[in-house]
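Undergrad: Provided below for reference: sequence and predicted model.
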Amino acid sequence: MTQDIRICFIGDSLVNGTGDEAALGWTGRLCAMANASDIPVTYYNLGIRRNTSKDVLLRWESECTLRLPGFCDGRIVLSCGVNDTVIENGKMRVDFAESCANVRAILCGAKRYTVLMVGPPPVVLGDELNKRIESLSLAFAHEAKALGVPYIDLFSALCADDAYKREVAGNDGAHPRSEGYSKMARIIGSSPSWWFHTLGSRSRLQKNSRPNQSPAPDQSRPDSPPSLRARSRPRSLAD
């Protein structure tokens with residue numbers, strides 16, 4: 001009998017895949033790899049632009065309960081945080097303590113399913129903002145570990161990837177394009193914490209993320225890193 005695996009990916013626009021001209025994001029690429037390996041995954045992309053951890057806390061249970069009936073192998077991937085760190089009206093949209101409490105509450109409630117968390121990626125809109133994102137990612141990792149929930153860090157690898165930062169800078173400063181989402185999928189898919197990490201290789205992820213195209217040339221060593229760009233008005237980065 002075929003296993004009925006259903007996965008809810010819940011979070012912000014970086015979960016949604018905003019900016020990806022292939023309209024797959026990292027979520028679609030990971031599930032395409034699983035299906036190509038004869039694991040029929042049903043996946044639901046529940047990423048909403050501008051959502052903070054507070055917004056996700058308010059909706060995750062009702063959204064996931066509808067999509068993960070008791071008879072299936074229900075799983076949840078939580079990923080949020082960038083929008084929490086945005087400064088609006090002179091303060092962060094959600095302060096660190098509340099962000100951690102929100103994630104703790106979501107993970108505690110979601111543990112009746114199989115659950116993991118993916119940390120927020122860096123942006124290209126200023127060092128101070130990235131410092132806040134990095135600090136929040138570390139805090140989220142601590143919360144997840146305390147609850148026995150696997151946590152996959154995106155920030156460390158992508159912050160050191162000049163090609164990724166150049167692609168984000170060439171878009172809107174917050175969201176990558178297809179190659180950036182492919183990199184996210186490779187990081188997550190190669191993690192021992194990812195449920196299907198033994199199934200694929202980097203080449204397979206690239207093939208599924210960019211159908212009918214040759215893999216992009218390696219741009220991991222640019223001549224110079226992109227300049228950090230400032231915004232003239234407060235905004236949500238993962239909007």
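TA: Now that the structure is in, tell me what you want to look at.
Undergrad: what about the chain, any weak spots by pLDDT?
TA: 1, 198-239 (pLDDT under 70).
Undergrad: kindly list the longest helix within it.
TA: helix 127-146 (DSSP state H).
Undergrad: could you identify the helix or strand that succeeds that helix?
TA: Sequence order places strand 151-152 as the next helix or strand after helix 127-146, per DSSP states H and E.
Undergrad: other SSEs contacting that next one?
TA: strand 114-118, helix 127-146 (3 or more CB pairs under 8 Å, 6 or more residues apart in numbering; DSSP states H and E). Quick note: C-beta positions are derived from backbone N, CA and C, even for glycine.
Undergrad: on the three-state scheme, the residue nearest to V123 when sequence neighbours are not counted is what?
TA: In this structure, V123 finds its nearest non-sequential neighbour in A174, 4.8 Å apart by CB to CB, 6 or more residues apart in numbering. Of the three states, A174 takes coil under DSSP: H, G, I helix; E, B strand; the rest coil.
Undergrad: part of a helix, is S191?
TA: No: using three-state DSSP, the assignment for S191 is coil, not a helix.
Undergrad: and it, how far from N102?
TA: 23 Å (CB to CB, to the nearest Å).
Undergrad: how about A22?
TA: 31 Å.
Undergrad: which of those two has more residues huddled nearby?
TA: N102 (23 against 17; other CB atoms under 10 Å).
Undergrad: so which strand or helix has the more buried one?
TA: Counting by DSSP H and E, N102 is part of helix 96-110.
Undergrad: could you do I76 as well?
TA: strand 73-79.
Undergrad: quick revisit: how about the CA coordinates for the longest helix of the chain, as PDB?
TA: In PDB, the C-alpha atoms belonging to helix 127-146 read as follows (Å, rounded to 0.1, in the frame of the first residue of the first chain):
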ATOM      1  CA  ASP A 127      24.500  44.400   8.200                       C
ATOM      2  CA  GLU A 128      22.400  45.300  11.200                       C
ATOM      3  CA  LEU A 129      19.300  43.600   9.800                       C
ATOM      4  CA  ASN A 130      21.300  40.400   9.100                       C
ATOM      5  CA  LYS A 131      22.700  40.500  12.600                       C
ATOM      6  CA  ARG A 132      19.100  40.500  13.900                       C
ATOM      7  CA  ILE A 133      18.100  37.700  11.600                       C
ATOM      8  CA  GLU A 134      21.200  35.700  12.600                       C
ATOM      9  CA  SER A 135      20.400  36.200  16.300                       C
ATOM     10  CA  LEU A 136      16.900  35.100  15.800                       C
ATOM     11  CA  SER A 137      17.900  32.000  13.800                       C
ATOM     12  CA  LEU A 138      20.200  31.000  16.700                       C
ATOM     13  CA  ALA A 139      17.400  31.600  19.200                       C
ATOM     14  CA  PHE A 140      15.000  29.500  17.100                       C
ATOM     15  CA  ALA A 141      17.500  26.700  16.900                       C
ATOM     16  CA  HIS A 142      17.700  26.700  20.700                       C
ATOM     17  CA  GLU A 143      13.900  26.500  21.000                       C
ATOM     18  CA  ALA A 144      13.700  23.700  18.500                       C
ATOM     19  CA  LYS A 145      16.500  21.700  20.200                       C
ATOM     20  CA  ALA A 146      14.800  22.100  23.600                       C
END
